[in-house]
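Q: I would like to see how this sequence folds:
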Amino acid sequence: MSLTWAPSVRHHAAVTTAAVVVRDDDPRRPGLERDGLVVVSTSWGAHHVDHGPAHLDALIARADADVAELGPADADDLLALDAATCADFPTGPATSHEPLTPVTARAALTPPSRTFGARVDGRLVAVTVVDVDGTHAETAFTTTDRGYRGRGLGAAVKALAVRTLRAEGVGTLRTGGAGENAASLAVNRAVGYVVDETWLTYGRGA
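A: Numbers count the residues shown, from 1 in each chain. Coordinates of the predicted model:
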């Protein structure tokens, strides 16, 4: 089970040399299928529905970890966690994750980006990075160390991010992920995200 994901960064009816990415309600779908294209992968986007801080607090408390917002001093730990998990991110025309560099790691820890992490025995084992633009926020990526998955850490860091940003007046929070990653969808639903769009990647298949 993977708790590593990045939302789609190219959800805009993109056409590449190998694939066509469209929403599931796109009127061009029948034509694509007549041309012999088939759905080779799916992805989704979701918005957060506010159920109040108590729900989020419970997810944070349930994790046996130190859950807190990270800052520039955590750059090396963030780089190490990303390097250890970057191979686990689903990758395709509609979903991708660029491995962090020292420059992008520092950017993730500096406003307008916000990063929330979970530490176990001092070791950073889960993070979520959120891009904030005024009252709108979108998850850039979330990842959990392989040895610590299934312990509620992904839900805890996402819950802290949502609770913190809502308290600061951010009213719209969005996230997304690859359809193949059922674990990420389950975590996001637990935090309060509701899927409102589905994207299909068409290709030539086998």
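Q: can you list contacts of the longest helix anywhere in the chain?
A: In the chain, assigned by DSSP state H, the helix with the most residues is helix 153-167. Contacts of helix 153-167 with the rest of the structure, by C-beta atoms under 8 Å, 6 or more residues apart in numbering, involve 3, 48, 50, 53, 55-57, 59-60, 62-63, 65, 67-69, 114, 116-118, 125-128, 130, 132, 137, 139, 142, 144, 173, 175, 184, 187-188, 190-192. Just so you know, the C-beta spots here come from the backbone N, C-alpha and C atoms, and that holds for glycine as well.
Q: buried subset of those residues?
A: Those of these that meet the buried threshold are 3, 48, 56, 59-60, 63, 65, 67, 114, 116-118, 125-128, 130, 132, 137, 139, 142, 144, 173, 175, 184, 187-188, 190-192, by 16 or more other C-beta atoms under 10 Å.
Q: on that earlier part again, go through the contacts of helix 153-167 and flag which are in helices.
A: Using DSSP H, the subset of the contacts of helix 153-167 located in helices is 53, 55, 56, 57, 59, 60, 62, 184, 187, 188, 190, 191.
Q: do you know how far the first one is from residue 129?
A: Just to be clear, that refers to residue 53. Plainly put, residue 53 is 22 Å away from residue 129 if you go by C-beta to C-beta, to the nearest Å.
Q: as a quick check, tell me the outermost residue of this protein.
A: Most distant from the centre of the chain: residue 34, at 33.3 Å, with distances by C-alpha atoms, centre = their mean.
Q: so which residues of this structure form strands?
A: For the chain, applying DSSP state E gives strands covering 20-23, 38-48, 66-69, 113-120, 123-133, 136-144, 172-178, 193-203.
Q: right, so of those, which gets closest to residue 76?
A: Of all the strands of the chain, it is strand 123-133 that lies closest to residue 76, at 9.3 Å by C-beta to C-beta.
Q: between that closest one and strand 172-178, how many degrees?
A: 120 degrees (axes from the mean of the first three to the mean of the last three C-alpha atoms, to 10 degrees).
Q: and strand 123-133, what does it pack against?
A: Counting contacts by 3 or more C-beta pairs under 8 Å, 6 or more residues apart in numbering; DSSP states H and E, strand 123-133 packs against helix 75-85, strand 113-120, strand 136-144, helix 153-167.
Q: list the contacts of the third one.
A: Spelled out, that is strand 136-144. When contacts are defined by C-beta under 8 Å, 6+ apart, strand 136-144 is touched by residues 3-7, 81-82, 85, 88-89, 97, 108, 113-114, 125-131, 153-154, 157-158, 161, 165, 170-176, 184, 187.
Q: that older thread, redo the strands of the chain as CSV? Include distance to residue 76 and mean pLDDT.
A: Shown next, in CSV, are the strands of the chain (distance: least, C-beta to C-beta, whole Å; pLDDT from 0 to 100):
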stretch, distance to residue 76, mean pLDDT
strand 20-23, 35, 94
strand 38-48, 30, 95
strand 66-69, 17, 98
strand 113-120, 13, 98
strand 123-133, 9, 98
strand 136-144, 16, 97
strand 172-178, 26, 96
strand 193-203, 30, 96
